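K.L.:
when you get a sec, could you give me coordinates for this:
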Amino acid sequence: MAALRSSAIRDLLAVTARPEVLSLAGGLPDPGLVPLDRIRVATARALESAESLQYTETAGLLALREVIARRESASRPQPVAAAEVAVTHGSQQALSLIAQVLVDPGATVVVEEPAYPGALQVLRAAQARILTVPLDADGMRTDRLADLLAAGERPVLVHTVSTFHNPRGVTLSAPRRRELAALAERYGFLVVEDDPYGELHYAGLPPEPLAAQSDRVVRLSSVSKTLAPALRVGWMVAPREICAAVELVKQGADLCDSRLAHEIVSELLVDEPWLDGHLGALRAEYGRRADALRGAVQREFGDRATLSRIGGGMFGWLEFHDGTDTDELLRAALDHAVAFVPGSAFAVDARDRAGARLCFTTNTPARLDEAVARLAAAHAG
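P.N.:
Numbers count the residues shown, from 1 in each chain. I've put the predicted structure just below:
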């Protein structure tokens, strides 16, 4: 417990609950874009039978695992079997269970810097030895990972948010995906590909998943960003022996997830014409908001700060060039009723004083304009 600390993002949610605060902090879908009517229909259909309120398999409802297996097979050279899918209570639980199965105390793991805080919480709880590899505009610096490996480091796993990274927003390029897969094959580590954002692309399709490159990839995803977080349905796709081990650990954690939620999600995922239309609407609206955020940052900050290219996902990374400390800026921003997440919340080895994560999905373009204007007023002092 001494190694654990609360997520700064979760702590900020208490502040951003105040109605006067415009939040660029939490990575949340817009409640107004959640498909409430379609979920209501699927729920009513599931509740036609009391069986939907019964226990289900620890690995997840078979019908849902089959749907996920079919969808995952579309991007792989070999089809995925239902036995290679484990449904979890959100993809965060999948990450936690994998760590329990694979990471002994003191084992070496590699994460990106800046890092997804949920991964850091899991790996610190597992008492892992955490090494970092930096990111640039093309994602993880696989050359720096290769340097670590050549120097004798032997991680049991490498964690990456490969597509529309949280917090940096960048996507691992196709050449680097191939290099990461080749390194995993050569040195025998597993890659945990954390991909909750891949369906939310706004500027062309991202590269194919890492799992298409190697069978040493454990792939995580969920419906939290595309359907609704409260459904709490995520999954992992992994070799059968890993799925079997995760299932054993999961039995001790919660016995099983909600069969009702699994039936609802199964119906929504199998209804491909509806799902395609829903995802298309999300991409169009979130893409419009991403453009609005970029325009507002350029207008308010000019060359004092740069916003990362936003090809998809929920975040833009704001980098100041004028010596701004974003921890200090946050305190001033809250006085102006606007919130964001400072770069230090994602730091492992180095404290990022100049960076900030901005989430654009929960605000309309007009509200984004106002939020960035408030941020600029806080920055001006």
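K.L.:
can you tell me which residues contact the residue nearest to the spatial centre of the chain?
P.N.:
The residue lying closest to the centre of the chain (CA atoms, centre = their mean) is Pro196, at 4.5 Å. Pro196 makes contact with Ser91, Leu220, Ser221, Ser222, Ser224, Lys225, Gly234, according to CB atoms under 8 Å, 6 or more residues apart in numbering. Quick note: C-beta positions are derived from backbone N, CA and C, even for glycine.
K.L.:
mind doing that once more with 10 Å?
P.N.:
Residues in contact with Pro196 (CB atoms under 10 Å, 6 or more residues apart in numbering) are 27, 90-92, 116, 161, 163-164, 166, 220-226, 234, 313-314.
K.L.:
give me the buried entries from those residues.
P.N.:
Listed as buried from the contacts of Pro196 are 27, 90-92, 116, 161, 163-164, 166, 220-226, 234, 313-314; burial here means 16 or more other CB atoms under 10 Å.
K.L.:
which ones among those residues map onto helices?
P.N.:
Gly90, Ser91, Gln92 (DSSP state H).
K.L.:
ok, back up a step: the buried ones among the contacts of Pro196 in strands, which ones?
P.N.:
Leu220, Ser221, Ser222, Gly234 (DSSP state E).
K.L.:
which residues are in contact with the closest residue to the first one other than its chain neighbours?
P.N.:
Just to be clear, that refers to Leu220. The spatially closest residue to Leu220, leaving aside those adjacent along the chain, is Ser91, at 4.3 Å (CB to CB, 6 or more residues apart in numbering). Contact analysis of Ser91 by CB under 10 Å, 6+ apart lists 118, 194-196, 219-225, 232-236.
K.L.:
what two of those residues are the furthest from one another?
P.N.:
Within these, Arg219 and Arg232 form the most distant pair, 18.6 Å apart (CB to CB).
K.L.:
the two: which is more packed in?
P.N.:
Arg219 (27 against 19; other CB atoms under 10 Å).
K.L.:
and the lengthiest helix in the chain, what does it pack onto?
P.N.:
In the chain, with assignment by DSSP H, the single longest helix is helix 272-301. The contact analysis (3 or more CB pairs under 10 Å, 6 or more residues apart in numbering; DSSP states H and E) places helix 272-301 against helix 36-46, helix 259-270, strand 305-307, strand 315-320, strand 355-359, helix 365-380.
K.L.:
report the distance from the last one to the chain centre.
P.N.:
Computed by CA atoms, centre = their mean, to the nearest Å, the separation of helix 365-380 from the middle of its chain amounts to 26 Å.
K.L.:
residues of that helix that come out buried?
P.N.:
For helix 365-380, by 16+ other CB under 10 Å, it's 365, 367-376, 378-379.
K.L.:
now the angle from it to helix 272-301?
P.N.:
Per axes from the mean of the first three to the mean of the last three CA atoms, to 10 degrees, the angle that helix 365-380 makes with helix 272-301 is 30 degrees.
K.L.:
please begin residue numbering at 25 from this point
P.N.:
That works, and once the first residue is 25, the last one we named lands at helix 389-404.
K.L.:
mean confidence for helix 389-404?
P.N.:
Helix 389-404 shows a mean pLDDT of 98.
K.L.:
likewise for the first one?
P.N.:
Rounded to a whole number, the mean pLDDT of helix 60-70 is 98.
K.L.:
list the contacts of that helix.
P.N.:
Contacts of helix 60-70 (CB under 10 Å, 6+ apart): 59, 76-77, 251-252, 254-255, 283-292, 295, 298-299, 302.
K.L.:
return a PyMOL selection command for the buried portion of those.
P.N.:
The PyMOL selection below is limited to those of those classed as buried (16+ other CB under 10 Å):
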select buried, resi 59+76+251+252+255+283+284+285+286+287+288+289+290+291+292+299+302
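K.L.:
residues contacting Asp167?
P.N.:
By CB under 10 Å, 6+ apart, the contact set of Asp167 is Val157, Arg200, Glu203.
K.L.:
with distance to Arg168 as added columns, please give the helices and strands packed on helix 296-325 in CSV.
P.N.:
Output for those, formatted as CSV (distance: least, CB to CB, whole Å):
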stretch, distance to Arg168
helix 60-70, 43
helix 283-294, 37
strand 329-331, 22
strand 339-344, 19
strand 379-383, 18
helix 389-404, 32
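K.L.:
mind checking which helix or strand of the chain has the lowest mean pLDDT?
P.N.:
helix 32-40 (a mean of 64; mean pLDDT, DSSP states H and E).
K.L.:
chain center to the helix or strand following that helix, what's the gap?
P.N.:
Once the chain leaves helix 32-40, the next helix or strand it forms, by DSSP states H and E, is strand 46-47. Computed by CA atoms, centre = their mean, the chain-centroid distance of strand 46-47 equals 20 Å.
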